[in-house]
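**Q** below is the sequence, then the predicted model.
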Amino acid sequence: RSFLARVRRGFYDGTVFHRADSGTLIQGGGYTAGLARKPAGLKGAADSNNPLKNSAGTVTTGCLNNPFSATAEFILNTRDNGLFDSWRADNPSCYSVFGRVVEGQEVVREIEYLPVENKGGPFSKMPAETVVLEHASIELDLPDTPPAPPAYGELLAVISTPKGDIVLELFPNEAPMTVA
């Protein structure tokens, strides 16, 4: 039910970036290339005491307009998104930062500025060119029972797209429910 568990079981493989909001963010992980919602499992609160801010370059949980709707979708912030932080005050499971982009920011920017089409609903800013998450993997992983909290840089995920790879450093200490 966490980001790592989904990556390990191949959940994100074949999903798409379904939202590209120029100058703000890209969002993906919840829909197939045919725009069918991928069953994500249980919804729930995610790291409500997380102190991290939705600043440029961070990865955050995506959610619907209710407090316990964070599931598999994630957002890559391309600018500081303080609105997400203020909204999270009343909706603790939403927009919980759980990592940052450490490589592939140029790939994120390329996706962010693709022309978009309005296909309705959650696809109002759908990239006109479908960008599939071909494969997600863990580059550096945690043992099943780590002896101590991992240091920064010890947990990396790679998202492979036709545009190139995006490498995420995950923050299991600040976002243990979301990451692990």
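**A** Received it, and whenever you're ready, just let me know what you need. All values derive from a computational prediction rather than experimental measurement.
**Q** could you use CA atoms for every contact and neighbour count after this?
**A** Noted.
**Q** for residue 165, give me its contacts.
**A** 103-104, 107, 158-159 (Cα atoms under 8 Å, 6 or more residues apart in numbering).
**Q** so how far is the helix or strand hosting it off the chain centroid?
**A** Assigned by DSSP states H and E, residue 165 falls within strand 164-170. Chain-centre distance of strand 164-170: 10 Å, with Cα atoms, centre = their mean, to the nearest Å.
**Q** mind listing what the spatially most central residue of the chain touches?
**A** Geometric centre of the chain, nearest residue: residue 74, 2.3 Å, by Cα atoms, centre = their mean. Going by Cα under 8 Å, 6+ apart, residue 74 touches 27-29, 59-62.
**Q** would you turn those into CSV with distance to residue 122, pLDDT and neighbour count?
**A** Output for these, formatted as CSV (distance: Cα to Cα, whole Å; pLDDT from 0 to 100; neighbours: other Cα atoms under 10 Å):
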residue, distance to residue 122, pLDDT, neighbour count
27, 10, 96, 24
28, 11, 95, 22
29, 13, 93, 25
59, 19, 95, 27
60, 17, 90, 26
61, 15, 85, 23
62, 12, 83, 22
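**Q** tell me the one among the residues you listed nearest to residue 139.
**A** Nearest to residue 139 among the contacts of residue 74, counting by Cα to Cα, is residue 59 at 16.8 Å.
**Q** CA atoms of stretch 24-35 as CSV?
**A** This file holds the C-alpha atoms of stretch 24-35, laid out as CSV (Å, rounded to 0.1, in the frame of the first residue of the first chain):
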residue,chain,number,x,y,z
THR,A,24,3.5,24.0,-11.6
LEU,A,25,3.6,20.1,-11.7
ILE,A,26,3.2,16.8,-13.4
GLN,A,27,1.0,14.0,-12.0
GLY,A,28,0.9,10.3,-12.7
GLY,A,29,0.7,6.8,-11.4
GLY,A,30,-3.0,6.2,-11.2
TYR,A,31,-4.2,5.6,-14.8
THR,A,32,-3.2,3.2,-17.6
ALA,A,33,-2.4,4.4,-21.1
GLY,A,34,-6.1,3.7,-22.0
LEU,A,35,-7.1,6.1,-19.2
